[in-house]
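Q: Quick one: sequence plus predicted model below, questions after.
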Amino acid sequence: MAHAAHHDDHAHHPTGVMRWITTTNNKDIGTLYLSFALLMFFIGGSMAMIIRAELFKPGLQFVDPQFFNSMTTLHALVMIFGAVMPAFVGLANWMIPMMIGAPDMALPRLNNWSFWLLPFAFTLLLSTLFMPGGAPAGGWTMYAPLVLQTGEAFPFLIFAVHIMGISSIMGAINIIATVFNMRAPGMTFMKLPLFVWTWIITAFLLIAAMPVLAGAVTMLLTDKFFGTSFFSAAGGGDPVMFQHIFWFFGHPEVYIMILPAFGIVSAIVPTFARKPLFGYASMVYATASIAFLSFIVWAHHMFTVGMPLAGELFFMYTTVLIAVPTGVKIFNWLATMWRGSMTFETPMLFALGFIVMFTIGGFSGLMLGVTPADFQYQDTYFVVAHFHYVLVTGAVFAIMGATYFWLPKWTGHMYDETLGKWHFWLSTIFVNVLFFPQHFLGLAGMPRRIPDYAVQFADWNMVSSIGGFCFGATQLLFLYVIVKCVRGGAKASDRVWEGAEGLEWILPSPPPYHSFVNPPLVK
């Protein structure tokens, strides 16, 4: 009998590689997502290195223009759908059940499936590099009619995008089902940690936006293979319609990539300021406002296509309006730190770096949102600088901060604090050497997505490329710190951050009424 019981137990708890393939455990799946995201981060980063190597000086050096365009296209798709989004889903899998007091996610087998779709999607996408006619080179936006010139890779691109979208939608359904149905008794919505709130709202954005992308790429597919003319003027269609459909997905998508980062920063800042988050309710409402507004600003990506003036004004006003709830968040984080007993461990450094540099990206976004100004900035490197400040020093820095913040919780080991700080400072210096000069290039008129450029742009491009290579190399240090921590190191205490760990659980979640004027919690 004992032998039979042992055999039965083994059948239900596979070991080795089968454990990872068949797991329905939220922590295992979170680890798979995070590991996959890290791999894609380095693959997408290597593509960026190719881009910066080609732009190191004027002329065509290393790659032909077609391949250069494939690199800009794949770099974006890999970083967005392969690195940033899966990293956030991995963090959600690990942390949300713990934060709401649930034993696991609501739909564990769906959880497993939504992860395992991703390696197949990216195998399809990256296999296009070896196909006749080359990888897709129509930009990550896949604009018609340009992307329809793609060779044999085209259906692989469309199918890969569909599979990524299915994965995202299922992950979102799972998060909503979990938070709505599995909260601990007494945990009302207004007691949820901010990270959980930002993910609920992100999940609704995903469910609303991803099917729009699916529709757009399906129309592309039928235009190419089934004789439709959705986006072909010759057949009565309009390529600008593709832009409208794409950006109706694409703008909520950029908030999908930043709202969970807001949740992470809202967890880290109170911990190291040793004060409850200032203005909890306003943070929830601000997040919801941003999500709502994200659906009515899409055409600010299209100011130069020839919209009616009323349309341009509408999209300008709604775009500038998004700055208000975003500003509320920034001020709440600053108010949380005000008179706090602050310490500057690595997670806090990344959170502070996020606040400062994400704000730079926010201000350049305001500039781009002003219609007459945007006519000057459109399709220049100024736009590239803007969205990399939002996505690299924004989303990616938040993910790195979250990794340092929760690694002790995940592994039971403390990471190497000294190396973590080196990673932060080197990343911060080099990311600014990489992207800040691109503002100057853009304002001077350098177009984006072009492998060659006029000689007057040479100096800043060289500076930017050097920053890029150094930033890329610095991320190997990040990998080393993670591996070193996972393999061992000092045991993490129950209260990792010197008595401040998990402040959001110890203190009432909506902070006490006078948290702003109370003396700070003493370390």
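A: Ah, there it is.
Q: CA atoms for contacts and neighbours, from now on please.
A: Will do.
Q: any idea how far Ala444 is from Phe382?
A: 9 Å (Cα to Cα, to the nearest Å).
Q: swap that for Ile360, sorry
A: Ile360 is 12 Å from Phe382, by Cα to Cα.
Q: The two - which one has more neighbours?
A: Phe382 (28 against 19; other Cα atoms under 10 Å).
Q: In the stretch 351-500 of the chain, mark out all the strands, start to finish.
A: Counting by DSSP state E, counting those that start in this stretch, no segments of the stretch 351-500 of the chain form strands.
Q: Low-confidence ranges, it, go.
A: By pLDDT under 70, the low-scoring segments of the stretch 351-500 of the chain are 498-500.
Q: Would you check how far apart Ser493 and Lys409 are?
A: In terms of Cα to Cα, Ser493 sits 9 Å off from Lys409.
Q: higher neighbour count, those two?
A: Lys409 (19 against 15).
Q: Where does Pro58 sit: helix, strand or coil?
A: Using DSSP: H, G, I helix; E, B strand; the rest coil, the structure places Pro58 in coil.
Q: what about it, distance to Ser70?
A: Taken as Cα to Cα, the span from Pro58 to Ser70 is 19 Å.
Q: More neighbours: which of the two?
A: It is Ser70, of Pro58 and Ser70, that has more neighbours when counted by other Cα under 10 Å, with 21 against 18.
Q: where does the closest residue in space to that one that isn't next to it in sequence fall, phi/psi-wise?
A: What sits nearest to Ser70 in space, not counting adjacent residues and going by Cα to Cα, 6 or more residues apart in numbering, is Ala137, at 4.1 Å. Backbone torsions for Ala137, taken as degrees, to the nearest 10, come to phi -130, psi 30.
Q: which ones are touching Ala137?
A: By Cα atoms under 8 Å, 6 or more residues apart in numbering, Ala137 lies in contact with 66-67, 69-73, 147, 150.
Q: What subset of those is buried?
A: Taking 16 or more other Cα atoms under 10 Å as the criterion, what is buried in the contacts of Ala137 is 67, 69-73, 147, 150.
Q: Okay, Ile43 and Phe122: tell me how far apart.
A: From Ile43 to Phe122 the distance is 11 Å (Cα to Cα).
Q: list residues touching both of those two?
A: The contact sets of Ile43 and Phe122 overlap at Val78 (Cα under 8 Å, 6+ apart).
Q: What mean pLDDT does the longest helix anywhere in the chain get?
A: Assignment by DSSP state H gives helix 194-225 as the longest helix of the chain. Across helix 194-225, the average pLDDT comes to 98.
Q: same for that helix, what does it pack against?
A: With contacts defined as 3 or more Cα pairs under 8 Å, 6 or more residues apart in numbering; DSSP states H and E, the packing partners of helix 194-225 are helix 85-100, helix 154-181, helix 239-256, helix 259-273, helix 280-293.
Q: out of those helices, nearest to Phe354?
A: helix 259-273 (8.0 Å; Cα to Cα).
Q: quick check, distance from the closest one to the centre of its chain.
A: From the chain centre to the centre of helix 259-273 is a distance of 15 Å (Cα atoms, centre = their mean, to the nearest Å).
Q: what is the orientation angle of that helix with helix 239-256?
A: 20 degrees (axes from the mean of the first three to the mean of the last three Cα atoms, to 10 degrees).
Q: The longest helix of the chain vs helix 280-293, what angle?
A: Angle of helix 194-225 versus helix 280-293, following the same axes, to 10 degrees, is 10 degrees.
Q: Gly235: how many residues sit nearby?
A: Gly235 is flanked by 11 other residues according to other Cα under 10 Å.
Q: Thought Asp223 was touching it, still the case?
A: No. Counting by Cα atoms under 8 Å, Gly235 stays clear of Asp223, with 10.0 Å between them.
Q: Which positions in the host helix or strand of Phe42 come out as buried?
A: For Phe42, the element it lies in under DSSP states H and E is helix 26-54. Burial within helix 26-54, assessed by neighbour count using 16+ other Cα under 10 Å, is assigned to 26-38, 40-54.
Q: Count the neighbours of Phe292 for me.
A: 15.
Q: ok, now Leu309?
A: By other Cα under 10 Å, 11 other residues sit near Leu309.
Q: Identify all contacting residues around stretch 384-393.
A: Applying Cα under 8 Å, 6+ apart, the set of residues contacting stretch 384-393 is 257-258, 353-354, 357-358, 360-362, 364-365, 431, 435-436, 438-439, 448.
Q: From the chain's centroid, how far away is that stretch?
A: 11 Å.
Q: Likewise for stretch 462-474?
A: Worked out by Cα atoms, centre = their mean, stretch 462-474 lies 21 Å from the chain centre.
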